[in-house]
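Chemist: sequence and predicted structure, then a few things I'm wondering about:
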Amino acid sequence: MGENVLFNQPGQNDQPAPQEGSVPQDAGTPDTTAQPTDAQTEGVEAEESTGEETAPPAGFLGGGLFKKLLIGIGVIVIISIIIVLLLPKGGQSQKPVTLQWWGLWEDASTMQPLIQGFERTHPNITVSYTKDAPGQYEQQLTTRIQNGNGPDIFLYHNTWMPMLVGDLSPLPSSVISPDEFKQTFYPVMQQDLTQNGAIYGIPMEADTLALFVNPQLFEDAGVQVPTTWDDFVKAAQQVTVKDQTSGKIKTSGAALGTYNNINHASDIVSLLFLQQGVQMNNFTAGAQNEADALQFYTSFGTGSNAIWNDNLDNSLLAFSKGNLAMYFGFSWDIFQIHQLSPNLQFKIYPVPSNQGVKTTVASYWVNGVSSKSPNQTAAMEFMQYLAQKSTAQEFYSDTAKIRSFGEPYARKDLQQSLAGNQLVYPFVSQLDNASSSYFASDTNDGATGINTEMNTYLQAAINNIVAGSSPNTEVSTLDNGVAQVLQTYGQQ
């Protein structure tokens, strides 16, 4: 599935700012052995008084010309010293600057050690971090940037590129080169964040949709954790427990089939789209594959053999209560499950595969530089700091101090360092084969955001199929809605 990419809007292939000129070399000092002696000076005066022309000694300069040369050399030396003092050292900004950095998930106290590490080596740059509320973040961000009073650096979701591409500055090669970016980050990030060769952000964390399993329910039913969708269907049916009299579901094998009471329903359907061969960069071209994926998804919530319905608890709550055997979620769901049910035992596995296709959905947040920032040089210096391996390690360490694990690494070269943590490693282990989807959940992109609008059409399609509509009919309506949304952002 490496060919699956986001519907990226081609942007201007902005070239990095040219490097500042090199410092002029200091002029050499005069040879003191060539300076005239008193005797030579007296000889010259004597010769002038007699009116006779006498050739000066070798290496000798006349007094007036010599003084002019000394003055000229002195001026050159002084100018060179001034230039050296005024030029930025090491490419760093010398003018005192305060950078405004907007984030969403981490408190300022958590980010302060990271900021201090940068400020120690950049004494003229102060970084002021603000944790914003998720609700209206994207709308407030774009409004403030357009009004000229937005942040210099801000966090954005990987699917927001079409909405923000005009508000983002491309990163120069001094921050990170295309080759370095390719070697450092996963293919999905290269696809999402690169346009016409320009890179528009540095991810500090990454996540994927994975399978949460209640091992006790599997043990009670005598079944194994599935690795394929065929095995998934069988296991879900075997683990499901219904009341013998009413037929009501007491324990569900898996939360699929509906939309309103399933966390990350749009991501789960995206997972099926991807594994069914739907090309997310040419979504409306695979109508039959879409219909097949929607038919499979809704089958869990329809018919006499349904194992899920709208009358059940929200899927995360049901899993936390021990009433759901398999739940699809992201790493941040772990903290909420622990909060709801501290003693619940569960394990994390990669998502099932479809005929060998193992791709899953990626969801991650990126730091970018505002194109309206008046502090471009300082902002790019900070971005260069964020792109370093040591900074990523510091960020993980700082965030791990306040919960059971830090924000999962976005860097390929740090994946194996998490292999010993069975809660977080399954998420990063899937990043090599992950793809992005505009049907992303929990991005807080606002009522008119690209994720919200896309998911509105997807929700209607699923609800209508559960109510009895044909998947092919709903796919036609879904494709028309998707096309309208993409056209709004210049994607078609």
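Modeler: Looks like it came in fine.
Chemist: pairing partners for K131 in the sheet, please.
Modeler: The partner list for K131 in beta bridges (DSSP bridges) reads G103.
Chemist: surely it touches W101?
Modeler: No: the criterion here is C-beta atoms under 8 Å, and K131 misses it with W101 at 10.0 Å. Every residue, glycine included, has its C-beta placed from N, CA and C.
Chemist: give me the more crowded residue out of those two.
Modeler: It is W101, of K131 and W101, that has more neighbours when counted by other C-beta atoms under 10 Å, with 21 against 17.
Chemist: in the stretch 51-200 of the chain, which spans are strands?
Modeler: With DSSP state E, counting those that start in this stretch as the criterion, the stretch 51-200 of the chain has strands at 97-103, 125-131, 153-157, 194-195, 198-199.
Chemist: for K321, which of those strands is the nearest?
Modeler: strand 153-157 (29.9 Å; C-beta to C-beta).
Chemist: just checking, what packs against that closest one?
Modeler: Packing partners of strand 153-157 (3 or more C-beta pairs under 8 Å, 6 or more residues apart in numbering; DSSP states H and E): strand 97-103, helix 137-147, strand 365-369, helix 376-386.
Chemist: the same query, at a cut-off of 6 Å, please.
Modeler: When contacts are defined as 3 or more C-beta pairs under 6 Å, 6 or more residues apart in numbering; DSSP states H and E, strand 153-157 sits against strand 97-103, strand 365-369.
Chemist: that one pairs with which strands?
Modeler: Sheet pairing of strand 153-157 (DSSP bridges) gives strand 97-103 (parallel), strand 365-369 (antiparallel).
Chemist: would you list these in CSV and tack on distance to G148 and mean pLDDT?
Modeler: Shown next, in CSV, are those (distance: least, C-beta to C-beta, whole Å; pLDDT from 0 to 100):
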stretch, distance to G148, mean pLDDT
strand 97-103, 12, 97
strand 365-369, 15, 98
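Chemist: any idea which element K250 lies in?
Modeler: strand 249-254 (DSSP states H and E).
Chemist: now do that strand: distance to the chain's middle.
Modeler: 36 Å (C-alpha atoms, centre = their mean, to the nearest Å).
Chemist: so which bits of that strand are buried?
Modeler: For strand 249-254, the buried set under the neighbour-count rule, 16 or more other C-beta atoms under 10 Å, comprises I249, T251, S252, G253, A254.
Chemist: contacts for the helix or strand following it next, please.
Modeler: Next along the chain after strand 249-254, taking DSSP H and E as the criterion, comes helix 265-275. Applying C-beta atoms under 6 Å, 6 or more residues apart in numbering, the contact partners of helix 265-275 are 209, 259, 293, 297, 328, 354, 357, 359-361, 435, 437, 439, 441, 455, 458.
Chemist: pLDDT-wise, what's the bottom of the residues you listed?
Modeler: Lowest in pLDDT among these is V357, which has 91.
Chemist: where does the protein have low pLDDT?
Modeler: Scanning the chain for pLDDT under 70 picks out the ranges 1-93, 492.
Chemist: which among the strands of the stretch 51-200 of the chain is found nearest to V466?
Modeler: strand 153-157 (28.4 Å).
Chemist: and the angle from the closest one to helix 137-147?
Modeler: With axes from the mean of the first three to the mean of the last three C-alpha atoms, to 10 degrees applied, the angle from strand 153-157 to helix 137-147 works out at 140 degrees.
Chemist: ok, L155 - contacts?
Modeler: Going by C-beta under 6 Å, 6+ apart, L155 touches G103, L104, W365, N367.
Chemist: A434 - nearest residue in space that isn't next to it in sequence?
Modeler: A362 (3.8 Å; C-beta to C-beta, 6 or more residues apart in numbering).
Chemist: in three-state terms, label that neighbour for me.
Modeler: strand (DSSP: H, G, I helix; E, B strand; the rest coil).
Chemist: backbone phi and psi for A210, please?
Modeler: A210 adopts backbone torsions of phi -130, psi 170, taken as degrees, to the nearest 10.
Chemist: how near is it to V361?
Modeler: As judged by C-beta to C-beta, to the nearest Å, A210 and V361 stand 10 Å apart.
Chemist: so for those two, which residue has more residues nearby?
Modeler: Comparing A210 with V361 by neighbour count (other C-beta under 10 Å), the higher total belongs to V361, at 31 against 23.
Chemist: so what's the nearest residue to that one once chain neighbours are set aside up against?
Modeler: Take V361 and drop its neighbours on the chain: the residue closest to it by C-beta to C-beta, 6+ apart is L209, 4.4 Å away. By C-beta under 6 Å, 6+ apart, the residues touching L209 are D267, L271, F328, T360, V361.
Chemist: can you pick the most crowded of these?
Modeler: Most neighbours among those, by other C-beta under 10 Å: V361, with 31 neighbours.
Chemist: just to revisit the earlier point, so which of the helices and strands packed on strand 153-157 is the most packed in?
Modeler: Across those, averaging neighbours per residue (mean count of other C-beta atoms under 10 Å) puts strand 365-369 on top, at a mean of 23.
Chemist: closest to N323 out of the strands of the stretch 51-200 of the chain?
Modeler: strand 153-157 (31.1 Å).
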